[in-house]
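**Q** Need coordinates for the below:
(chains A and B, ligands or ions: 2)
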Amino acid sequence: MKFAYYPGCSLNATSIEYNLSTKALARKLEIELWEIPQWNCCGAFYAQKKSRLLAVALPARNLALAERNGLNVAVNCAACYNKLKAAREAVKTSVELQKKVSEVIEMEYIASNDVLSIIEVFEREYGLDKIASRVEKPLAGLKVVSYYGCLLVRPAELAMDDQEDPQSLDRIVAALGGIPVDWSQKVECCGAFHSTYNAATGFQIISNILAAAVEAGADCVACACPVCMLNLDMRQGNINKVKKTNFQMPVFYFTELMGLAMGISPKELGIKKHFIDPQPLLKARNLL
Amino acid sequence: MEKVRSNLISLNAAYAENRGFIEEIRRESGVNEKDCYQCGKCSAGCPVAFAMDYMPRQVIRMLQLGMKEELLRARTIWLCVNCVACYTRCPQNIDLPSLMETLRKKSLENGISTGKQIKLFGDLFLWSVKTFGRVFELGLILGFNLKSKQFFKDAMLGLPMLSRGKISILPHKISDGGAVKRIFARAQEAELGGDVP
Ligand code: SF4
Ligand code: SF4
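**A** Ligands and ions are numbered 1, 2, ... in the order given. I've put the predicted structure just below:
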């Protein structure tokens, strides 16, 4: 099983543990992730402010490099997934755009390869049964709320799961022996960069999400997006100070939980890089 | 005699005056504002609604009425985080995120300063992509602090980020033989020439 791997900018920096855990997991499960050589930034939500063509061409260059090698593309970051998938769909549905984009990126690109979120790679392509069979340390008794956020499940045309009640992460948690917990905020937005430049608004949104996780009785949150992680994990301390709350909610990339259950060392997974230390919880559950 | 304060605006006048604006926004955003029947579902699910001066539903209503000035000055358009909840749930398929983006663009074009800093961040982001092929987070944040003289004060940096190895000190430039730079140049050319499919 082989995929072209598009880590995206965040995975080399603020969300390095998402990258580490994904790679460690792929090695363990013998999934070959071929990192697209000299991949470029997808343009996030900024390219479209300049031009629609730029917003399609930047992702398309990466997709074309994978297409040349006959590979589908696996993407971790939710925003990158959204932008790559949107570029693929746009090129696929317009011959005119397909020609123009190929010209701009100096490569023929016909959108014959697919874009998959890393969740789909593990859950669907690798398979839940196989995941369950590889578990060495079941997440026994661990209550996990899965947080999908926006860009993996919206808009419907690009979504990798249901818009209102996605279940793919929950199914993975169950396959790992954990307890998937239902809650109210699984597809709510984390507020993106409001926490950085408009703290009053951003912190309110984040604390709503954390409060709901507490209320649902969760031990921890599983997420799949670097921005969600930044907001829920890194901001938790600030929020506690500013809003006089007392959150101590560990947040994981779902790949870290998979890695833990499959016996990969926490160090290799990058778990020590979190702001809210999950180690007490993991120790209490005999997962360390 | 008791003074009666009127909050009413003359709808007909705004509508007559700003027909051109309505059509322009319709064309650029792909949203036909007439499709909206004001059910409010968009606003009910908007994560930022509590901080907005106008609900997303009101933004559409204001467009229906041609309230150009108010729309371009609204804080709402800069608070929208593009989460797509509204569009996903709208029974009439109104692409509000696209409308918000178009209004942000128009607001800047009209010299309104509300979104200046957000634009600055976007420009620096794209500069980084154009120069290095990827985003250089530290450079982006420092550049922003320098130019905006505030904003990311607490920034995502600080020792905790550095000590966790989560921010690199130097940019990573990809060896693409200038391909990304040329993508920027050609996209701009095509845009200026009106040559975008
Ligand atoms: S959900 Fe759609 S139809 Fe209803 S008010 Fe919002 S934009 Fe209009
Ligand atoms: S896309 Fe914008 S307006 Fe729509 S729900 Fe999200 S934040 Fe609100």
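
**Q** can we go C-alpha only for contacts and neighbour counts from here?
**A** OK.

**Q** what's the neighbour count on the residue of the stretch 151-288 of chain A found nearest ligand 1?
**A** Across the stretch 151-288 of chain A, the shortest distance to ligand 1 (C-alpha to the nearest ligand atom) belongs to A:Pro155, at 14.3 Å. For A:Pro155, the count of nearby residues is 21 (other C-alpha atoms under 10 Å in any protein chain shown).

**Q** Let me see the ranges of the helices in chain B.
**A** For chain B, applying DSSP state H gives helices covering B:11-17, B:19-29, B:41-45, B:56-64, B:68-73, B:76-79, B:85-89, B:96-109, B:116-132, B:137-148, B:158-163, B:179-192.

**Q** I should have written the stretch 51-200 of chain A there, sorry.
**A** Ranges of helices in the stretch 51-200 of chain A, per DSSP state H, counting those that start in this stretch, are A:52-68, A:78-92, A:95-105, A:118-120, A:128-133, A:168-175, A:194-197, A:199-215.

**Q** highest average neighbour count across those?
**A** helix A:52-68 (a mean of 25; mean count of other C-alpha atoms under 10 Å in any protein chain shown).

**Q** Could you give the separation of that helix from the chain centroid?
**A** Distance, stretch centre to chain centre, for helix A:52-68: 20 Å (C-alpha atoms, centre = their mean, to the nearest Å).

**Q** Then stretch B:12-29?
**A** 19 Å.

**Q** Break chain A down into its domains, please.
**A** According to automatic domain parsing, chain A comprises the domains A:2-117, A:136-284.

**Q** Quick one: low-confidence residue ranges for chain A.
**A** Applying pLDDT under 70 to chain A flags no residue at all.

**Q** From ligand 2, how far out is A:Ile131?
**A** 34 Å (C-alpha to the nearest ligand atom, to the nearest Å).

**Q** Could you pull up the residues touching the closest residue to that residue other than its chain neighbours?
**A** Using C-alpha to C-alpha, 6 or more residues apart in numbering or on different chains and skipping the chain neighbours, the partner closest in space to A:Ile131 is A:Ala175 (6.6 Å). Each residue near A:Ala175 by C-alpha atoms under 8 Å, 6 or more residues apart in numbering or on different chains is listed here: A:Leu128, A:Asp129, A:Ile131, A:Ala132.

**Q** if you set the cut-off to 7 Å instead, what comes out?
**A** A:Ala175 sits next to A:Leu128, A:Ile131, A:Ala132 when contact means C-alpha atoms under 7 Å, 6 or more residues apart in numbering or on different chains.

**Q** One more: A:Ala47?
**A** Taking C-alpha under 7 Å, 6+ apart, one finds A:Leu54, A:Ala55, B:Leu126 in contact with A:Ala47.

**Q** Can you tell me the closest non-neighbouring residue to the first one?
**A** In space, not counting the residues next to it along the chain, A:Leu54 is nearest to B:Ala187; the distance is 5.4 Å by C-alpha to C-alpha, 6+ apart.

**Q** Contact partners for that neighbour?
**A** By C-alpha under 7 Å, 6+ apart, the neighbours of B:Ala187 are A:Leu53, A:Leu54, A:Val104.

**Q** From ligand 2, how far out is the first one?
**A** Pointing back at A:Leu53 there. 22 Å.

**Q** ok, now A:Ala222?
**A** On the measure of C-alpha to the nearest ligand atom, A:Ala222 and ligand 2 end up 22 Å apart.

**Q** Validate this expectation: that residue resides in a strand.
**A** Yes: counting by DSSP: H, G, I helix; E, B strand; the rest coil, A:Ala222 falls inside a strand.

**Q** Any idea what it is bridged to?
**A** Per DSSP bridges, the residues bridged to A:Ala222 are A:Ser146, A:Phe252.

**Q** correct me, but it touches A:Gly149?
**A** No: using C-alpha atoms under 7 Å, A:Ala222 makes no contact with A:Gly149, being 11.0 Å away.

**Q** and chain B, which of its residues are near chain A?
**A** B:47, B:51, B:81, B:83-84, B:88, B:122, B:126, B:129, B:133-135, B:151-152, B:155, B:164, B:166-168, B:174-176, B:183-184, B:186-187, B:191, B:196-197 (C-alpha under 7 Å from any C-alpha of the partner chain).

**Q** Restricted to buried residues, select these in ChimeraX.
**A** Applying 16 or more other C-alpha atoms under 10 Å in any protein chain shown to these leaves a buried subset, and the ChimeraX line that selects it is:
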select /B:47,51,81,83,84,88,122,126,129,133,134,135,151,152,155,164,166,167,168,174,183,184,186,187,191,196
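
**Q** Which ones, among the residues of chain B next to chain A, also lie beside ligand 2?
**A** Among those, the ones lying near ligand 2 by C-alpha under 6 Å from any ligand atom are B:Pro47, B:Val81, B:Cys83, B:Val84.

**Q** Out of these, which comes closest to B:Arg73?
**A** The closest of those to B:Arg73 turns out to be B:Val81 (C-alpha to C-alpha; 17.1 Å).

**Q** where does that closest one land on pLDDT?
**A** B:Val81 is assigned 94 on the pLDDT scale.

**Q** Over to B:Asn7?
**A** pLDDT recorded at B:Asn7 is 62.

**Q** same thing with the one 4 residues further on?
**A** We note a pLDDT of 65 for B:Leu11 in this prediction.

**Q** With B:Ala16 instead?
**A** If you check B:Ala16, the pLDDT there is 81.

**Q** Give me the nearest residue to it, chain neighbours excluded.
**A** B:Gly66 (7.9 Å).

**Q** And for B:Ser107?
**A** Excluding the flanking residues, the one nearest B:Ser107 by C-alpha to C-alpha, 6+ apart is B:Leu72, at 4.8 Å.

**Q** can you pull the buried residues of the helix or strand where A:Phe3 lies?
**A** Using DSSP states H and E, the element containing A:Phe3 is strand A:2-6. Buried residues in strand A:2-6, counted by 16+ other C-alpha under 10 Å: A:Phe3, A:Ala4, A:Tyr5, A:Tyr6.

**Q** Around ligand 1, which positions in chain B sit nearby?
**A** Contacts of chain B with ligand 1, taken as C-alpha under 6 Å from any ligand atom, map to B:Cys36, B:Tyr37, B:Gln38, B:Cys39, B:Gly40, B:Lys41, B:Cys42, B:Arg57, B:Cys90, B:Pro91, B:Gln92, B:Ile94.

**Q** Would you mind writing the ChimeraX command to select the buried ones in those?
**A** Buried residues among the residues of chain B next to ligand 1 (16+ other C-alpha under 10 Å), as a ChimeraX selection:
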select /B:36,41,42,57,90,94
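
**Q** Out of the residues of chain B next to ligand 1, which comes closest to ligand 2?
**A** Distance to ligand 2 across the residues of chain B next to ligand 1 (C-alpha to the nearest ligand atom) is lowest for B:Cys42, with 6.1 Å.

**Q** Show the contacting residues for that closest one.
**A** Neighbour list for B:Cys42: B:Pro56, B:Arg57, B:Cys86, B:Arg89, B:Cys90 [criterion: C-alpha under 7 Å, 6+ apart].

**Q** Thank you, goodbye.
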